[in-house]
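Enquirer: predicted model and sequence follow; I will ask about them next.
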Amino acid sequence: MKQVLIKLLAGVLCLMASSQFAAAQTSHEYEEYAGAAREQSMLFRGRQATSYTYLHYNGTYFWTSPDFKEGTVMYNGKLYTGVQMNIDASEHQLLVRYASGMPSVIVSKDYVTYFTIGNDRFINASALGLTDDACYLQVLSDGDNKVYYRVLKVLSSSSNNVNGSMIGYHDPNYNEGYTKFFHLRAQYFTMENGALKKISRRKAMKLMAYGK
């Protein structure tokens with residue numbers, strides 16, 4: 001009986017020790033996470049990103065896909081790295097979030113100079129003198145022949161199947177029961193005499209082929 005009690009007590013002590021270790025580990029992970037959040041807190045002071053869950057729609061309002069990717073952003077003169085980001089191309093807002101599964105917030109466009117998402121580079125159009133239409137431009141070519149790309153996702157409606165060329169891209173989950181969709185409108189720009197000039201896709205491809 002005595003040996004049974006000793007074994008039982010040892011088991012309880014082991015369980016307590018493992019629980020304390022797990023709690024300490026969780027606490028350590030939380031402190032690391034909280035520290036990172038404090039470091040990037042300026043980025044997360046905007047309003048929560050617009051939710052389109054009330055709509056039944058085809059396509060996506062994101063620049064390319066709903067997947068957030070890590071990148072960097074120059075915000076209010078400070079460079080933030082390792083940030084999960086995406087672009088709402090319907091409202092042309094940069095979205096950031098702390099981690100996967102957490103809600104995203106809008107970064108104030110007034111303080112964003114440039115940013116990267118994955119391997120793609122973007123610039124605030126206001127930095128190039130386009131002040132009458134606040135938006136972000138993807139940098140396709142940054143040599144002597146500069147080329148910039150803008151994506152607009154316009155909420156539209158049609159009772160026909162518009163997947164593919166009509167919507168501007170292919171939605172693999174297209175639902176013919178939905179009439180609303182986010183229509184892609186692409187725009188290309190170059191710099192001419194120190195100002196942004198809208199150009200055709202064909203000319204943009206030519207300028208990119210020439211390189212510097």
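Expert: Yes, it's here. Numbers count the residues shown, from 1 in each chain.
Enquirer: report the helix or strand with the lowest average pLDDT across the protein.
Expert: Taking mean pLDDT, DSSP states H and E as the measure, the helix or strand of the chain with the lowest value is helix 2-39, at a mean of 44.
Enquirer: tell me, how many residues neighbour Ile123?
Expert: A count of neighbours around Ile123, defined by other CB atoms under 10 Å, yields 18. (Glycine included, C-beta is placed from N, CA and C.)
Enquirer: what helices or strands is the strand of greatest length in the chain leaning on?
Expert: Within the chain, and with DSSP state E defining each element, the longest strand by residue count is strand 180-192. For strand 180-192, the contact count by 3 or more CB pairs under 8 Å, 6 or more residues apart in numbering; DSSP states H and E identifies strand 57-58, strand 147-157, strand 195-199, helix 201-210 as packing neighbours.
Enquirer: same thing but 10 Å
Expert: Using 3 or more CB pairs under 10 Å, 6 or more residues apart in numbering; DSSP states H and E as the contact criterion, the neighbours of strand 180-192 among helices and strands are strand 57-58, strand 136-141, strand 147-157, strand 195-199, helix 201-210.
Enquirer: and Lys180, which of these is closest to it?
Expert: Among the helices and strands packed on strand 180-192, strand 57-58 comes nearest to Lys180, with 4.3 Å by CB to CB.
Enquirer: same for the helix or strand immediately after that closest one in the chain, what does it pack against?
Expert: Using DSSP states H and E, the next helix or strand after strand 57-58 towards the C-terminus is strand 69-75. Contact analysis of strand 69-75 by 3+ CB pairs under 10 Å, 6+ apart lists strand 78-88, strand 93-97, strand 112-117, strand 120-124 as its packing neighbours.
Enquirer: in the last one, which residues are buried?
Expert: Same thing as strand 120-124. Residues of strand 120-124 classed as buried under the neighbour-count rule (16 or more other CB atoms under 10 Å) are 120-124.
Enquirer: Asn173: which of those residues is nearest?
Expert: For the buried residues of strand 120-124, the nearest to Asn173 is Asp120 (23.4 Å; CB to CB).
Enquirer: how close does the closest one get to Met42?
Expert: Taking CB to CB, to the nearest Å as the criterion, Asp120 is separated from Met42 by 23 Å.
Enquirer: that older thread, which one of the helices and strands packed on strand 180-192 lies closest to Asn163?
Expert: Across those (criterion: CB to CB), the nearest stretch is strand 57-58, sitting at 6.8 Å.
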